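Participant: How does the following fold in three dimensions:
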Amino acid sequence: MASEPKRLVELKARYEDHGKARALLAGADRVGTFSQTDTYFVLGERRLKVRSVKGRVDGQLVYYERPDAASVKDSVVLLADVPVAEAVRDILGRVLPVQAEVRKTREIYRYQGVQVHLDAVDGLGRFIEFEKVIASDAERDEGRRQLESLRAYFQIPEEDLMASSYSDLLEGRS
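Facilitator: Residues are numbered from 1 along each chain as shown. So this is what the prediction gives:
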């Protein structure tokens, strides 16, 4: 069953020093570390992927709309749990061209109401991502300020901010 669309504000950046990030996340709730594979399908500016997690049969179908901007950005996400991720990936691959397959190790934390991802992406390097779910425009503005504050706290320079998804970066390397 698909979820209601979730509105988020998010920020992604190159961030090689995950040890520093873990130290800055002292006191955060650690959700866990997961080996994920995201298979992206070609949909123009929109994005569709099947996410599978190593050691699990089930996964998620993820659709999202987000501008490519190297700053805090708004996004809309729809998630659907799928019982057999490989089957869904294979079916979609017969209908839509595969854009890229992103393999990563993701550490997930909850910190001050924000989900923080420390990603080690095969072939691309290390990254940090902040996501905050919002329910209104007022929350969006506050969330944007909070992510900018986290950017300062983690000492992320502007040149390390990411505009694209990992799939776009991998596709550009082909």
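
Participant: distance of the closest residue to S165 other than its chain neighbours from E16?
Facilitator: Take S165 and drop its neighbours on the chain: the residue closest to it by CB to CB, 6 or more residues apart in numbering is R47, 6.3 Å away. (Each C-beta comes from the backbone N, C-alpha and C, glycine too.) Going from R47 to E16 by CB to CB, to the nearest Å gives 25 Å.

Participant: With V121 instead?
Facilitator: For V121, the distance to E16 - CB to CB - is 12 Å.

Participant: now do E65
Facilitator: On the measure of CB to CB, E65 and E16 end up 29 Å apart.

Participant: what do you get for L118?
Facilitator: 11 Å.

Participant: Who has more neighbours out of those two?
Facilitator: L118 (22 against 13; other CB atoms under 10 Å).

Participant: Retrieve the pLDDT associated with that one.
Facilitator: For L118, the pLDDT comes out at 98.

Participant: That one: which element?
Facilitator: Here L118, judged by DSSP states H and E, is contained in strand 114-121.

Participant: element containing A87?
Facilitator: helix 85-95.
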